[in-house]
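A.B. asks: Sequence first, predicted coordinates after that:
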Amino acid sequence: MKVVEVYKDVHPFVRGGIEKYVHDLSVHLARSGHRVEILIAGRSFSGRGAELGDGITITGYPCMGRLLSTPVSWGLSRILREIDADVFHFHMPLPSAEMSWLLSRRKTPVVATYHSDIVRQSFLMPLYGPFLKIFLRRARLVLPTSPAYAETSRWLRGLGNLRVVPIGADPIRFSPSDEASGDYCLFVGRFRRYKGIEVLLEAWRSLPDMPLVMAGGGPLKELVRKRAADGRLNIRIVEDPSDDDLVRLYRGARCLVLPSTQRSEAFGIVQVEAMACGIPVISTDLPTGVPWVNQHMVSGLIIPPGDPAALAAAVRMMDTPGLRETLSEGAVSRAGILFNGPILLAEMESILKEAVERSPEGRER
């Protein structure tokens with residue numbers, strides 16, 4: 001089976017939750033004997049598939065730039081029309097790719113993982129929304145990553161081709177350590193406003209004795225540096241840690257904090273990785289998959305979004321005798337039952353096979 005994964009970037013060249021998922025799924029499919037081609041924006045990545053493993057090709061499609069984080073390409077529809085494929089797997093949202101697919105008029109089966117609604121650029125939805133609806137209806141299957149997102153997204157409501165497939169973590173790679181120190185709280189992710197960065201900084205003004213490690217980088221990096229320095233906050237930044245360093249950071253943490261404030265945080269893959277390492281999570285009660293992944297008083301604590309005082313109180317609550325240990329056990333158990341990476345990747349492989357086998361048009365070039 002030839003699978004074409006369609007997104008704008010891929011790990012390790014760009015670090016992020018969806019990029020890592022595209023990477024991990026591609027590696028799984030290649031190791032299972034399938035051919036995989038990853039379409040991403042920009043020629044500079046072409047031919048670097050060997051860095052992911054045998055059986056994987058990375059093709060950078062022509063990109064004139066990015067508008068509101070979306071690649072702009074006039075040539076993608078031609079590539080989608082001509083590329084060898086048994087099935088296409090789109091990672092959404094990616095408006096330019098979805099519209100290019102419609103323009104290509106190709107009939108090869110499509111499976112779409114629906115990671116998130118468009119939130120920050122929602123003013124474009126009156127223009128883009130009708131095309132999105134057509135794309136979703138024509139897909140063989142649309143795969144939201146949580147039941148919560150399937151229920152709350154206006155664009156998924158009423159679709160008859162939905163199937164929930166969460167994103168998991170490898171329980172061998174992400175596993176508890178007997179040497180965990182619990183000396184610091186941990187934030188992992190891009191430094192963007194929807195991640196609740198300013199809420200996090202405000203909360204840490206009242207937590208002078210609790211170290212916070214912020215692992216990642218992004219647009220608000222200099223803001224974080226300045227606020228931390230000006231306020232003498234107990235914060236250390238670790239820019240773009242390697243995969244191995246990230247595991248070590250998880251294992252040494254007291255808890256993971258994910259104070260996201262907007263629906264753009266649709267799932268929170270870092271929650272799953274932390275939970276698999278036995279690290280309790282403090283996250284927010286968003287109308288997304290975030291509070292479904294991290295269950296309150298089972299694998300961590302859920303607090304209201306945009307509330308620095310509640311975040312600080314939750315961090316202090318981890319000092320409650322026996323609570324952190326109970327949540328740690330619950331986190332490992334929940335991650336193992338619901339978010340076992342190899343099992344979920346195998347399920348995705350089966351879904352892609354099913355899409356090919358049920359295609360009335362057969363294999364196309």
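C.D. replies: Structure's in. What do you need? Numbering: from 1, shown residues only.
A.B. asks: mind giving me the domain split of the protein?
C.D. replies: Here the domain parsing of the chain from automatic domain parsing is 2-168+341-357, 184-338.
A.B. asks: From start to finish, how long is the longest one in a straight line?
C.D. replies: Which is domain 2-168+341-357. One end of domain 2-168+341-357 to the other measures 13 Å (CA to CA, to the nearest Å).
A.B. asks: Show me what the mean pLDDT comes to for that domain.
C.D. replies: For domain 2-168+341-357, the mean pLDDT works out to 89.
A.B. asks: Work out the gap between it and the centre of the chain.
C.D. replies: In this view, domain 2-168+341-357 has its centroid 13 Å away from the chain centroid, taken as CA atoms, centre = their mean, to the nearest Å.
A.B. asks: export the domains of the chain to TSV and tack on distance to S175 and mean neighbour count?
C.D. replies: (Glycine included, C-beta is placed from N, CA and C.) Formatted as TSV, the domains of the chain follow (distance: least, CB to CB, whole Å; neighbours: other CB atoms under 10 Å):
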stretch	distance to S175	mean neighbour count
domain 2-168+341-357	12	18
domain 184-338	6	20
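A.B. asks: Export those domains as CSV, with columns for distance to F174.
C.D. replies: Shown next, in CSV, are the domains of the chain (distance: least, CB to CB, whole Å):
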stretch, distance to F174
domain 2-168+341-357, 8
domain 184-338, 4
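A.B. asks: confidence score at R363?
C.D. replies: Reading off the model, R363 has pLDDT 46.
A.B. asks: Mind listing the strands the helix or strand that contains I40 pairs with, and their directions?
C.D. replies: Element membership for I40, per DSSP states H and E: strand 35-41. Using DSSP bridges, strand 35-41 pairs in its sheet with strand 2-6 (parallel), strand 56-61 (parallel).
A.B. asks: that older thread, nearest to S177, out of the domains of the chain?
C.D. replies: Evaluated over the domains of the chain, closeness to S177 peaks at domain 184-338, with 4.1 Å, by CB to CB.
A.B. asks: circling back to that earlier point, I'd like to know which of the strands paired with strand 35-41 is closest to M92.
C.D. replies: strand 2-6 (9.4 Å).
A.B. asks: what helices or strands is the next helix or strand after the closest one leaning on?
C.D. replies: Past strand 2-6, further along toward the C-terminus, the next helix or strand under DSSP H and E is helix 17-31. When contacts are defined as 3 or more CB pairs under 8 Å, 6 or more residues apart in numbering; DSSP states H and E, helix 17-31 packs onto strand 2-6, strand 35-41, strand 56-61, strand 87-92, helix 269-276, helix 341-357.
A.B. asks: pull the CA atoms of helix 17-31 into CSV?
C.D. replies: Presented in CSV, the C-alpha positions along helix 17-31 are these (Å, rounded to 0.1, in the frame of the first residue of the first chain):
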residue,chain,number,x,y,z
GLY,A,17,2.5,17.7,18.3
ILE,A,18,1.0,17.1,14.9
GLU,A,19,4.4,17.0,13.2
LYS,A,20,5.5,14.3,15.6
TYR,A,21,2.4,12.3,15.0
VAL,A,22,3.0,12.4,11.2
HIS,A,23,6.5,11.2,11.9
ASP,A,24,5.6,8.4,14.2
LEU,A,25,2.7,7.1,12.0
SER,A,26,5.0,7.2,8.9
VAL,A,27,7.7,5.3,10.6
HIS,A,28,5.1,2.7,11.8
LEU,A,29,3.7,2.3,8.3
ALA,A,30,7.1,1.9,6.7
ARG,A,31,8.2,-0.7,9.2
